[in-house]
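>>> What would the 3D arrangement of this be:
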Amino acid sequence: MNMPRLHPLLLALLVAAAGCGAPVTAASPSPPMTQAPAGFWAHWGDGKAELAGYTLRTPRYGQARTGEAILITVTEDFTAGQRVKSDGGHGDEYPVVKLNEVRDFQTGLYDYNVMTSSFLRLDGRIPLGLPDKVSFSMQEWCGHAYEELLVQPDALNTLRHSYFDGESAGAQDSPLPARAVIADAMPMLVRGLGGELLAPGETRTVQWMASAPERRMLHTALVWRSAEVSRSAATSSVTVPAGTFEVYTVTARPEGSPGSTWMVEAAAPHRLVRWTRTDGEVGELTGAVRRSYWNDHGEGGESLRAELGLPARAWPGK
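Numbers count the residues shown, from 1 in each chain. Below is the predicted model of the structure:
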């Protein structure tokens, strides 16, 4: 059978391509973007907040301290111009899921009051792993500190104020690395609230920024570290004060920084059941409810702490 003859010019091009080109490699896939997963609004769009209480053991001044943590998770509309909750009418609103993490613990005579607010933008504009905004404040008897992180399209804008000498800085921009994760958002990310961070059994290397509370307690700078983040392939059972749960685990192992493990309820809504850190910190779920808590500010509302599994607080005159 006669084979078709190739045009000489085409034949020369094919020979050159076969003999002298480097192997073609596929480009690295772009990271997924943070957005509300399927079924998200059926649960989180009811206008209520999830309140979850935790016992807390955390190290400070070389000793383990006892306290409590409350994680408040709720959706709201942000305004792009100010990066704050919108009252409507701005024309630049977008949905976010917000986590307010409140920590209180005692160190001898005086206590620490720590709050971190993290916001996941849910409209597919920011790579998964990065919150839209983080604001942090810490109050203790020596003074207080404040920090704000704003994720821009190609930079991280930071603002830091502290009562410690040399630790305050005005607004600054720094580059955002690829495949970046900011640890303050992890209690939401491990739950899949912005999409699936990791598939079961998956391990990934990311650029990691430690949480604001960790950096403040250790007086460390804003730096990116390589970290291995992994999710368990199977579930296991864990018992905490709130009961026994079937959970999957997500673990982060940053270079030169404490590692963390989050145990997440396998069934929806995938509440955070327990977390541990290699420096000895442990948080365990005591109870969780969904409430419009901003309406529970009257006298007697204090008794609702029992729904979170937290003890009543005794104040003078009560």
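>>> Distance of H161 relative to M138?
H161 sits at a distance of 11 Å from M138 (criterion: CB to CB, to the nearest Å). Yep, even glycine has a C-beta here, placed from its N, CA and C like the rest.
>>> Between those two, which contacts overlap?
Shared contacts of H161 and M138 (CB atoms under 8 Å, 6 or more residues apart in numbering): A145.
>>> These two: who's more crowded?
M138 (21 against 14; other CB atoms under 10 Å).
>>> what about the more buried one, helix or strand, and which?
M138 belongs to strand 133-140 when assigned by DSSP states H and E.
>>> Who is the nearest residue to S86 once chain neighbours are set aside paired with across the strands?
For S86, ignoring the flanking residues on the chain, the nearest one in space by CB to CB, 6 or more residues apart in numbering is T79 at 4.0 Å. Listed by DSSP bridges, the beta-bridge partners for T79 are V84, E93.
>>> Run a quick neighbour tally on T79.
Per other CB under 10 Å, the neighbour tally for T79 reads 17.
>>> How about the contacts made by it?
T79 sits next to 85-86, 90, 92-93 when contact means CB under 8 Å, 6+ apart.
>>> try 6 Å
86, 90, 92-93 (CB atoms under 6 Å, 6 or more residues apart in numbering).
>>> Quick one, which of those are buried?
Neighbour counting by 16 or more other CB atoms under 10 Å classes 86, 93 among these as buried.
>>> Export the contacts of T79 as a markdown table, with columns for distance to L285 and pLDDT.
Conversion of the contacts of T79 to a markdown table gives the following (distance: CB to CB, whole Å; pLDDT from 0 to 100):
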| residue | distance to L285 | pLDDT |
| --- | --- | --- |
| S86 | 31 | 94 |
| H90 | 37 | 92 |
| D92 | 37 | 94 |
| E93 | 33 | 96 |
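>>> List just the nearest of the contacts of T79 to P241.
S86 (37.1 Å; CB to CB).
>>> Look up how far L150 lies from that closest one.
16 Å.
>>> thinking again about what came up before, kindly reformat the contacts of T79 as TSV containing distance to L56.
Rendered in TSV, the data for the contacts of T79 read as follows (distance: CB to CB, whole Å):
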residue	distance to L56
S86	32
H90	37
D92	38
E93	35
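>>> Quick check: the two most widely separated of the contacts of T79?
Greatest spatial distance among the contacts of T79 (CB to CB): S86 and D92, at 8.3 Å.
>>> number of nearby residues for the nearest residue to A306 once chain neighbours are set aside?
Leaving out its chain neighbours, the residue that sits closest to A306 by CB to CB, 6+ apart is A312, at 7.2 Å. Counted with other CB under 10 Å, residues neighbouring A312 total 10.
>>> Quickly find the element holding R215.
Here R215 is covered by helix 212-218, with elements defined by DSSP H and E.
>>> which parts of that helix are buried?
For helix 212-218, using 16+ other CB under 10 Å, the buried residues are 212-217.
>>> mind putting those in TSV, pLDDT and distance to S236 included?
Shown next, in TSV, are those (pLDDT from 0 to 100; distance: CB to CB, whole Å):
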residue	pLDDT	distance to S236
A212	95	30
P213	95	27
E214	94	26
R215	92	31
R216	91	33
M217	91	30
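>>> could you dump the residues you listed to a markdown table with distance to E265?
Formatted as a markdown table, the buried residues of helix 212-218 follow (distance: CB to CB, whole Å):
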| residue | distance to E265 |
| --- | --- |
| A212 | 25 |
| P213 | 23 |
| E214 | 24 |
| R215 | 28 |
| R216 | 29 |
| M217 | 28 |
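>>> For those residues, work out which two are farthest apart.
Pairwise distances among those were taken by CB to CB; the largest, 9.7 Å, belongs to A212 and M217.
>>> What is the least confident helix or strand in the protein?
When the helices and strands of the chain are scored by mean pLDDT, DSSP states H and E, helix 8-20 comes last with a mean of 41.
>>> Low-confidence stretches in the chain?
Applying pLDDT under 70 to the chain picks out residues 1-29, 317-318.
>>> In which helix or strand does I70 reside?
Assessed by DSSP H and E, I70 sits inside strand 63-79.
>>> Next, the buried residues of that strand.
Neighbour-count burial for strand 63-79, counted by 16+ other CB under 10 Å, picks out 65, 67-75, 78-79.
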